[in-house]
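Asks: No letters, just coordinates:
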């Protein structure tokens, strides 16, 4: 059992605030890694977009999550002094800190071994469209 | 120094909302992995239960944490439209997103190298009892 | 391609509540690991201090983040019963659970492959100064 690693970068276009399902693209990379058993780590190289594992069946879940985040960290909150890039600038950093910038998922049978209802999402926290960079690293044998 | 990996699944029964200490079961798997130095990753395969590392000495800490979560993400909040499985359905997804679905812990001396006051907990966010699946992956030599 | 791992402990002095930039010290360890490609995991061995990846250019971001956390989890909140060590005791545990105790970052070109604006911070949640322990584990080839 000799361990291998494999890593690839993904570029993800976001249409502005909201979640983008990247599960299929992560699975493709795990497939190309030809690792049967091990783990894979997804990492986002930004501080105003983040990663979550979330329910993947009912789009209302991500809509409600967005509504919750908007209430918890309101755009234009007068608490914030870092407003250089607009009212969604500092809230984007707070939302990122409260969620994940890396996720580590077991690999089994050559696939990221997610639960039935688990999807991997990039969460864009800015209102403007962006191109975001993710690295997927696979380790195993 | 040749690297090895080892992984096992755990089934954890939860009595409904609250935290279940899984530290001893994680340590058993690290022991069976026979890895002296490396890391171990704990992953939960669900979107309405999550993982945390929390103070392990005073049960009041987990009780207060539960009270905080209940106030931050109230059951039956009218903000939520995803209510198919009841008033604790969407709050369970939000609590999961705000905590962790994977934890990576260093392994040293053949044990998960937790701090003195750190315990690993599965946090059940639904009111009903569930059986939850966790994968523990150990990498090292 | 033979995989290696390397791990080191860091001791970080904190002047009390606030963030301490540990990016340079993490990069030094990655350098000493002599791993070109792989990943590194940063782990904090405490339950009242945590880790975040945050914007590293404008100090106002961390100041606003601190203000947000102080409002979200107020010191001395009457909700809390675990107050043995003072009004900032339980809030420190809650803030830790809402942020990270481990971060996994890809390694590329012999460096932790952070985005341009990403810094790694230890977040001290207690008002008193502490010495905190972090382990950095590097895996790769």
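Replies: Thanks, I have the structure now. These numbers were taken from a predicted model, which means no experiment stands behind them. Numbers count the residues shown, from 1 in each chain, chains lettered A, B, ... in the order given.

Asks: need the residues of chain A near chain C, please.
Replies: When proximity is defined as Cβ under 8 Å from any Cβ of the partner chain, chain A approaches chain C at A:3-5, A:7, A:41, A:43, A:45-48, A:72-73, A:79-82, A:84, A:90, A:93-94, A:96-98, A:100-102, A:104, A:133, A:135, A:137, A:139. No exception for glycine: its C-beta is placed from N, CA and C like everyone else's.

Asks: at 7 Å instead, please
Replies: Within reach of chain C by Cβ under 7 Å from any Cβ of the partner chain, chain A has these residues: A:3-5, A:7, A:41, A:43, A:45-47, A:79-82, A:90, A:93-94, A:97-98, A:101-102, A:104, A:135, A:137, A:139.

Asks: Select only the buried ones of those residues in PyMOL?
Replies: Buried subset of the residues of chain A next to chain C, written as a PyMOL selection, criterion 16 or more other Cβ atoms under 10 Å in any protein chain shown:
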select buried, chain A and resi 3+5+7+41+43+45+46+47+80+82+90+93+94+97+98+101+102+104+135+137+139
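
Asks: So which of the residues of chain A next to chain C belong to helices?
Replies: Among these, the residues falling in helices (DSSP state H) are A:90, A:93, A:94, A:97, A:98.

Asks: Show me the shaky parts of chain A.
Replies: Low-confidence segments of chain A, defined by pLDDT under 70: A:1.

Asks: Nearest residue to the middle of it?
Replies: residue A:51 (2.2 Å; Cα atoms, centre = their mean).

Asks: Quick check: which element contains that residue?
Replies: Assigned by DSSP states H and E, residue A:51 belongs to strand A:49-55.

Asks: Packing partners of that strand?
Replies: On a contact count with 3 or more Cβ pairs under 7 Å, 6 or more residues apart in numbering or on different chains; DSSP states H and E, strand A:49-55 meets strand A:38-44, helix A:59-72, helix A:89-98, strand A:118-124, helix B:89-98.

Asks: again, only this time at 8 Å
Replies: Packing partners of strand A:49-55 (3 or more Cβ pairs under 8 Å, 6 or more residues apart in numbering or on different chains; DSSP states H and E): strand A:38-44, helix A:59-72, helix A:89-98, strand A:102-108, strand A:118-124, strand A:130-140, helix B:89-98.

Asks: Could you check which residue of chain A lies nearest chain B?
Replies: residue A:115 (3.4 Å; Cβ to the nearest Cβ).

Asks: Contact partners for the nearest residue to that residue once chain neighbours are set aside?
Replies: Once flanking residues are discounted, residue A:115 sits nearest to residue B:45: 3.4 Å by Cβ to Cβ, 6 or more residues apart in numbering or on different chains. By Cβ atoms under 8 Å, 6 or more residues apart in numbering or on different chains, the contact set of residue B:45 is A:113, A:114, A:115, A:118, B:132, B:133, B:134, B:135.

Asks: ok, residue A:90 - contacts?
Replies: A:77, A:80, A:82, A:83, C:61, C:64.

Asks: How much space separates it from residue C:71?
Replies: From residue A:90 across to residue C:71, the span is 13 Å (Cβ to Cβ, to the nearest Å).

Asks: I'd guessed residue A:119 sits against residue A:58; true?
Replies: No: Residue A:119 is beyond contact range of residue A:58, at 11.2 Å (criterion: Cβ atoms under 8 Å).

Asks: Roughly how far does residue A:104 sit from residue A:95?
Replies: 21 Å.

Asks: quick one, which of residue A:119 and residue A:58 is more surrounded?
Replies: When residue A:119 and residue A:58 are compared for neighbours, residue A:119 comes out ahead with 21 against 16, by other Cβ atoms under 10 Å in any protein chain shown.

Asks: Name the next helix or strand downstream of the strand or helix carrying residue A:13, please.
Replies: Here residue A:13, judged by DSSP H and E, is contained in strand A:4-14. Once the chain leaves strand A:4-14, the next helix or strand it forms, by DSSP H and E, is strand A:18-21.

Asks: And the helix or strand just after that next one, what does it pack against?
Replies: Remark: after strand A:18-21, the chain's next helix or strand is helix A:23-33, criterion DSSP H and E. Counting contacts by 3+ Cβ pairs under 8 Å, 6+ apart, helix A:23-33 packs against strand A:4-14, strand A:38-44, strand A:111-112, strand A:118-124, strand A:130-140.

Asks: residues of helix A:23-33 that come out buried?
Replies: Applying 16+ other Cβ under 10 Å to helix A:23-33 flags A:23, A:25, A:26, A:27, A:29, A:30, A:33 as buried.

Asks: Can you add distance to residue C:18 and give those back as a markdown table?
Replies: Converted to a markdown table, these look like this (distance: Cβ to Cβ, whole Å):
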| residue | distance to residue C:18 |
| --- | --- |
| A:23 | 37 |
| A:25 | 38 |
| A:26 | 35 |
| A:27 | 40 |
| A:29 | 38 |
| A:30 | 39 |
| A:33 | 40 |
